[in-house]
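J.: return a 3D structure for these sequence lines:
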Amino acid sequence: MGSSLTIEVFMDIDGYHEQLQRDAQFLCSDQRMDTELVDRLVLQLNRIHPQILTDKEAHRFRNLSKPTTVRLAELLSHLHGMGEEACHEFYRGLHIHAEDVYSSLPTRVTQREMTEPKLTDNVGVHPERFVLNDRGPMFFLSCFSFVVAIAMLYYYGDGETLRCTRPFLHCSAARLSKGAKDALITYTEVGK
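T.: Numbers count the residues shown, from 1 in each chain. Okay, the predicted model is just below:
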């Protein structure tokens with residue numbers, strides 16, 4: 001409950017507008033922001049949100065005579081001037097087209113650090129394991145082997161040797177079935 005409150009507070013204090021301002025330097029210096037990625041982002045903003053990026057502006061930001069870093073810096077300053085919605089759509093496009101770049105943004109790293117539980121006394125956080133018992137695989141194998149041995153003795157053993165175990169095994173099998181009363185009556189009649 002506390003971590004969701006932290007996320008909401010973080011998002012209220014730092015909107016996409018402020019985040020883009022802080023991430024702009026990182027985006028312009030990141031080698032993964034190549035010409036192809038910038039073009040895809042410009043096309044998405046132009047086609048899906050023409051109110052954010054008109055055809056004329058999209059053509060200007062896709063002009064290959066300028067270096068990619070210059071075009072990206074101009075695009076980011078244009079989006080910053082357009083407001084919160086434009087910045088949000090840029091982040092959405094970046095998340096769709098380059099999730100690795102999106103997740104390594106300084107604001108995203110800070111946000112993850114704020115929401116992750118803190119480590120105390122150098123104790124690592126281990127993901128929760130769903131275990132039926134905590135005794136390990138050898139315990140399971142020994143129990144399974146025991147049951148298999150009893151079943152083999154029951155089916156392939158002498159009648160005289162296993163006379164005392166038959167009622168126990170019949171009742172055990174009857175408890176596991178759905179119609180336990182009917183099966184128990186059948187087993188007791190066969191056992192006599």
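
J.: and the helix ranked longest in the chain, what does it pack onto?
T.: Across the chain, the helix with the greatest residue count (assigned by DSSP state H) is helix 137-156. When contacts are defined as 3 or more CB pairs under 8 Å, 6 or more residues apart in numbering; DSSP states H and E, helix 137-156 sits against helix 166-176. From N, CA and C alone the C-beta is placed, and that goes for glycine too.

J.: pLDDT averaged over the helix it packs on - what is it?
T.: For helix 166-176, mean pLDDT rounds to 52.

J.: and for stretch 67-74?
T.: Mean predicted lDDT for stretch 67-74 stands at 91.

J.: output it as CSV, nothing but the C-alphas.
T.: Extracted in CSV, the C-alpha atoms of stretch 67-74 (Å, rounded to 0.1, in the frame of the first residue of the first chain):
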residue,chain,number,x,y,z
PRO,A,67,22.5,15.3,-37.5
THR,A,68,20.2,13.1,-35.5
THR,A,69,21.2,14.6,-32.2
VAL,A,70,20.2,18.1,-33.4
ARG,A,71,16.9,16.9,-34.7
LEU,A,72,16.2,15.0,-31.5
ALA,A,73,17.1,18.1,-29.4
GLU,A,74,14.8,20.2,-31.5
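
J.: what's in contact with it?
T.: Stretch 67-74 is contacted by residues 24, 27-29, 33-35, 38, 60-63 when judged by CB atoms under 8 Å, 6 or more residues apart in numbering.
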